[in-house]
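Asks: Starting from these lines, generate the structure:
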Amino acid sequence: MRVEEVPPDTSFSGFTIRGRLREDGVSSTFLTHLLKTRDARALLANGGDGTNISNLSQKKLAALPVTIPDGHEQATMVKKSDEITT
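Replies: Below you'll find the model as predicted:
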């Protein structure tokens, strides 16, 4: 889930990983769509550990290989994804 603006008094669950983009030129919408793909979800699921609840650490999430295309291509991919999923 992507949230554009979070009120300053917001609290987060212990099971929530909050990410912040540190690179200019990366669309948060593109990254959200990318992380919802079958391949990304499989990599994340295989990286989890735990007994009953699969834990996904920030370290494992940060190690996910992500190729970032240029801004125009990101926008094109988001548009195509939106057309397919809506």
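Asks: check contacts around Gly19.
Replies: Leu61 (CB atoms under 8 Å, 6 or more residues apart in numbering). (Glycine included, C-beta is placed from N, CA and C.)
Asks: what do you get for the one 4 residues further on?
Replies: Remark: with contacts taken as CB under 8 Å, 6+ apart, Glu23 is in contact with Ile68.
Asks: residue contacts, Ala42?
Replies: Contacts here follow CB under 8 Å, 6+ apart; on that basis Ala42 touches nothing.
Asks: which parts of stretch 7-15 are buried?
Replies: Buried positions in stretch 7-15, judged by neighbour count with 16 or more other CB atoms under 10 Å: none.
Asks: Just the element for Gly25, please.
Replies: If you go by DSSP states H and E, Gly25 is not part of any helix or strand.
Asks: Skipping adjacent residues, who's closest to it in space?
Replies: Gly71 (5.8 Å; CB to CB, 6 or more residues apart in numbering).
Asks: Tell me the pLDDT of that neighbour.
Replies: Note on Gly71: pLDDT of 94.
Asks: Number of residues surrounding it?
Replies: Residue neighbour count, defined by other CB atoms under 10 Å, stands at 13 for Gly71.
Asks: does it really touch Thr29, like I thought?
Replies: No: the pair Gly71 and Thr29 does not pass the contact test of CB atoms under 8 Å, sitting 11.5 Å apart.
Asks: Now do the longest helix belonging to the chain: which elements does it pack against?
Replies: Across the chain, the helix with the greatest residue count (assigned by DSSP state H) is helix 71-85. Where contact means 3 or more CB pairs under 8 Å, 6 or more residues apart in numbering; DSSP states H and E, helix 71-85 is packed against helix 28-35.
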